[in-house]
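A.B. asks: quick one: sequence plus predicted model below, questions after.
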Amino acid sequence: MKHAFHIPVLGLSFSIDSPLKVARFGINSVLSIVDDELIERVREYHAHKNNLPFFAIPKKENDYRAKRITAYLNLVNELVNQQIDHIKSQSFDEDSELRKYFELLPDTHQSRIAYREMLSMPGGEARDVQQRILKDSVTAGDIDVNIMSKVDKLNTDRKGHLLEEQYSDASAALRGFAQSTLNSSVVLSAGMNPRLYNYISELPAFLPDTFGKLQKKIILKVSDYRSAQIQAKYLAKKAIWVSEFRVESGLNCGGHAFATDGFLLGPILEEFKQKKESLLVELRNIYNTALQAKNQAIVSDLPIKFTMQGGIGTAAEQTFLLAYYGFDSAGWGSPFLLVPEATTVDQETVSALANAEPGDFYLSNASPLGVPFNNFRNSTAENDRLARIARGRPGYACTKKYLVSNTEFTKEPVCTASRVYQHAKINALEAQQLSAEDFQEQYAKITEKTCLCEGLAASAYLAYDIGKPKESKAVAICPGPNTLFFKGIYSLQQMVDHIYGRVPITLLNRPNLFINELQLYVHYLSKYIEEIAQDAKKERFVEKFSNQLLDGIQYYKKINPSLKTFGFSNIRTFLSSLESFEDKLKHLHLVSCPVKTF
């Protein structure tokens, strides 16, 4: 890899064309392939922008979803290749992208070292030779894609007949990637989907070629070691190799938050550090046995990368995570929402993010998936949701239907953010004749759900003026809590220089990522305790959760000397914060709830 960081997937639209913005500088990024309608419109936009022919793929066409995704990924790949050729044709002038390519590289990368040496050379043949060598070293960053494994609705044809499983949302998206010209990876997130995993084994693109190389690779986004091991073994038994484990903080991240049972990031990474070699051996044995069963040649040297992401904010943190745990790359997601050169965020939203205050970023129940969702109070989608409630018309039309799952009031699944569902649920609530206080509490839970299908796509529609008449312009955005500390709109050079510690961005009052995550988990547990009635099973869960957090605190105390060695500042504050949270956890107790009578 050219860089020691990558840009993870950011919503539906925020990184939808990030490869077209950063891949030519050797930076890896991930785009979502959930929303084929968004993809089709962005494909049309970039085709016209680059004077290329565009042929629409209508929904009436067979397998249109996979075809749309393939067409867009092929276009992105083609344009990035053109960008690389263009960069290689440039001279090393001060303002050229060729020069920018090397200026962005980490100081320790051999190509940047050679570049700096070239700049000090006098004109002549030696300098010309060095420049040709440097130009030959220019390569694009990876164009990876993301699928939320469990967002996998089964579909019907135009007559309403149920289609085969291979036409489900996730399977069609995977097929679209598999049939593209990309030589990159699909990131599978949000847990295990056996149906999807079984389908992967049917696609030849994920099997090694005659040279033992993989054209298409699998990245698993996981929250802990056990999940990584279970999923990777399942895939290995089907002759599918996991090329990377991408470990994400459960709560200190953007988008959906999959809270662990109190397992903190440091101890999780430590377990990977201690077990990754044995995991590699175990998976290779299973994988090669499965290859033999398929009459495929055994591949002995396929590697596994280990990367992490979630809440990183300084060069010292990045250096520590990679060096101490032996990881290959670190993901910087939410900070790049403030870098227009790297992501697609409309002007109003990026300005609101840059001027946000404490409390504007919060963990909500807004997602129809029923998973905690990192939300932003000042988003236009949140304003729109509240306005709908004020008008007495909560809920949304639900046109895309990616998140339909509820059959409480309907035969066909509907989305819990839809107007149909919320209207029926509120009517049922009114029939219960609750007290005003209890009714309002339940009403708020129903109407908190927001339309993510439209909201997470709207930013690209606004930024590129590709929205349709009467289409909602309300933007939902899901930044991680770490975004609070970045108070500005930055250039790509500024953010990369910050990541590598060359010119740090001032981050006022920011605790380090371990303390920030611990704070989020303690708050999560405190809120959980406040909301539950006494229940023996839940009491045991709270005890387990609390003990895991206390074990994590002891772990951080143990590695404190190493943190200091890697340049962590304010070690005294770090230790005092650990003591404070330890004391708070020891005094947390279940809130007694009166027994309700009916």
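C.D. replies: Structure's in. What do you need?
A.B. asks: quick check: Phe486 touching Leu338?
C.D. replies: Yes. At 5.5 Å, Phe486 counts as touching Leu338 under the criterion of CB atoms under 8 Å. Quick note: C-beta positions are derived from backbone N, CA and C, even for glycine.
A.B. asks: mean confidence score for the helix or strand encompassing Tyr521?
C.D. replies: Here Tyr521, judged by DSSP states H and E, is contained in helix 513-531. Average pLDDT, helix 513-531: 92.
A.B. asks: before we move on, what about stretch 486-500?
C.D. replies: 97.
A.B. asks: do the same with stretch 207-218
C.D. replies: On average, stretch 207-218 scores 92.
A.B. asks: Leu363 - that's part of a helix, no?
C.D. replies: No. Assigned with DSSP: H, G, I helix; E, B strand; the rest coil, Leu363 falls outside any helix and is strand.
A.B. asks: got any ranges where the chain has weak pLDDT?
C.D. replies: Applying pLDDT under 70 to the chain flags the ranges 533-536, 589-598.
A.B. asks: domain-wise, how is it divided?
C.D. replies: 362-495, 511-587 (automatic domain parsing).
A.B. asks: redo these as CSV? Include distance to Leu353.
C.D. replies: Below are the domains of the chain laid out as CSV (distance: least, CB to CB, whole Å):
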stretch, distance to Leu353
domain 362-495, 6
domain 511-587, 18
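A.B. asks: deepest in the core, which of these is it.
C.D. replies: Among those, ranked by average contacts under mean count of other CB atoms under 10 Å, first place goes to domain 362-495 (a mean of 18).
A.B. asks: how long is it end to end?
C.D. replies: 24 Å (CA to CA, to the nearest Å).
A.B. asks: for stretch 146-153, same thing?
C.D. replies: 16 Å.
A.B. asks: buried stuff in it?
C.D. replies: Buried residues in stretch 146-153, counted by 16 or more other CB atoms under 10 Å: 146-152.
A.B. asks: residues contacting that stretch, please?
C.D. replies: 8-9, 30-34, 168-171, 173-174, 177, 186-193, 195-197, 256, 369, 401-404, 413 (CB atoms under 8 Å, 6 or more residues apart in numbering).
A.B. asks: let's go with 6 Å and repeat that
C.D. replies: Contacts to stretch 146-153, defined as CB atoms under 6 Å, 6 or more residues apart in numbering, come from residues 9, 30, 32, 168-170, 173, 187-191, 193, 196, 402.
A.B. asks: how far off centre is it?
C.D. replies: From the chain centre to the centre of stretch 146-153 is a distance of 13 Å (CA atoms, centre = their mean, to the nearest Å).
A.B. asks: which elements pack onto the longest helix along the chain?
C.D. replies: Criterion DSSP state H: the longest helix present in the chain is helix 265-293. Applying 3 or more CB pairs under 6 Å, 6 or more residues apart in numbering; DSSP states H and E, we find helix 265-293 packed against helix 225-236, helix 536-558.
A.B. asks: can you pull out the helices in the stretch 51-200 of the chain?
C.D. replies: All helices of the stretch 51-200 of the chain, identified by DSSP state H, counting those that start in this stretch, fall at 64-89, 97-104, 110-119, 125-136, 169-178, 194-200.
A.B. asks: so for Ser435, which of those sits nearest?
C.D. replies: Counting by CB to CB, Ser435 lies closest to helix 169-178 out of the helices of the stretch 51-200 of the chain; the figure is 41.3 Å.
A.B. asks: what angle sits between the closest one and helix 64-89?
C.D. replies: Between helix 169-178 and helix 64-89, the angle comes out at 40 degrees (axes from the mean of the first three to the mean of the last three CA atoms, to 10 degrees).
A.B. asks: identify the residues contacting helix 169-178?
C.D. replies: Contacts of helix 169-178 (CB under 6 Å, 6+ apart): 33, 65-66, 69-70, 145, 147, 152-153, 186, 196, 199, 203, 205, 216.
A.B. asks: and it, how far out from the chain's middle?
C.D. replies: Using CA atoms, centre = their mean, the offset of helix 169-178 from its chain centre is 18 Å.
A.B. asks: from here on, count from 15
C.D. replies: Sure, I'll start numbering at 15, so the last one becomes helix 183-192.
A.B. asks: now, which of the contacts of helix 183-192 sits nearest Leu521?
C.D. replies: Val159 (31.0 Å).
A.B. asks: can you give me the neighbour number for the closest one?
C.D. replies: Neighbours of Val159 under the rule other CB atoms under 10 Å: 27.
A.B. asks: look up how far Ile282 lies from it.
C.D. replies: 25 Å (CB to CB, to the nearest Å).
A.B. asks: quick one: contacts for Leu335?
C.D. replies: Ala344.
A.B. asks: shouldn't it be within a strand?
C.D. replies: No. Leu335: not assigned to a strand; according to three-state DSSP it is helix.
A.B. asks: picking that back up, for the helix holding Tyr535, packing partners?
C.D. replies: helix 550-572, helix 585-601.
A.B. asks: and the domains of the chain: which comes nearest Leu234?
C.D. replies: domain 376-509 (17.7 Å).
A.B. asks: please compute how far that closest one lies from its chain's middle.
C.D. replies: For domain 376-509, the distance to the chain centre is 19 Å (CA atoms, centre = their mean).
A.B. asks: for stretch 109-117, same thing?
C.D. replies: So, by CA atoms, centre = their mean, the centroid of stretch 109-117 is 28 Å from its chain's centroid.
A.B. asks: what's it in contact with?
C.D. replies: 39, 101, 104, 106, 126, 129, 152.
A.B. asks: circling back to that earlier point, what lies in contact with the helix holding Tyr535?
C.D. replies: By CB under 6 Å, 6+ apart, the surrounding residues in contact with helix 527-545 are 263, 265-266, 273, 279-280, 325-326, 331, 559, 563, 570, 591, 595, 604-605.
A.B. asks: how about a cut-off of 8 Å?
C.D. replies: By CB under 8 Å, 6+ apart, helix 527-545 touches 263-266, 273, 276, 278-280, 324-327, 331, 377, 495-496, 524-525, 556, 559-560, 563, 566-567, 570, 588, 591-592, 595, 598-599, 602-605.
A.B. asks: quick one, what contacts Ser29?
C.D. replies: Applying CB under 8 Å, 6+ apart to Ser29 gives the contacts 21-23, 43-46, 350, 357-358.
A.B. asks: so how far is Ser194 from the residue nearest to it when sequence neighbours are not counted?
C.D. replies: The shortest distance from Ser29 to any non-neighbouring residue, by CB to CB, 6 or more residues apart in numbering, is to Leu45 (5.2 Å). Noted for Leu45: a distance of 12 Å to Ser194, by CB to CB.
A.B. asks: just the buried subset of the contacts of stretch 109-117, please.
C.D. replies: By 16+ other CB under 10 Å, the contacts of stretch 109-117 give 39, 101, 104, 126, 129, 152 as buried.
A.B. asks: before we move on, the earlier item: could the helices and strands packed on helix 279-307 go into JSON lines alongside distance to Ser540?
C.D. replies: JSON lines is the format used below for these (distance: least, CB to CB, whole Å):
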{"stretch": "helix 239-250", "distance to Ser540": "25"}
{"stretch": "helix 550-572", "distance to Ser540": "10"}
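A.B. asks: which of those helices sits closest to Lys482?
C.D. replies: Here helix 239-250 is closest among those (CB to CB), at 38.6 Å.
A.B. asks: and that closest one, what's buried?
C.D. replies: In helix 239-250, counting by 16+ other CB under 10 Å, buried: 239, 241-243, 245-246, 248-250.
A.B. asks: mind putting those in a markdown table, distance to Arg399 included?
C.D. replies: Below are the buried residues of helix 239-250 laid out as a markdown table (distance: CB to CB, whole Å):
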| residue | distance to Arg399 |
| --- | --- |
| Tyr239 | 38 |
| Ser241 | 32 |
| Ala242 | 36 |
| Gln243 | 40 |
| Gln245 | 34 |
| Ala246 | 39 |
| Tyr248 | 38 |
| Leu249 | 39 |
| Ala250 | 43 |
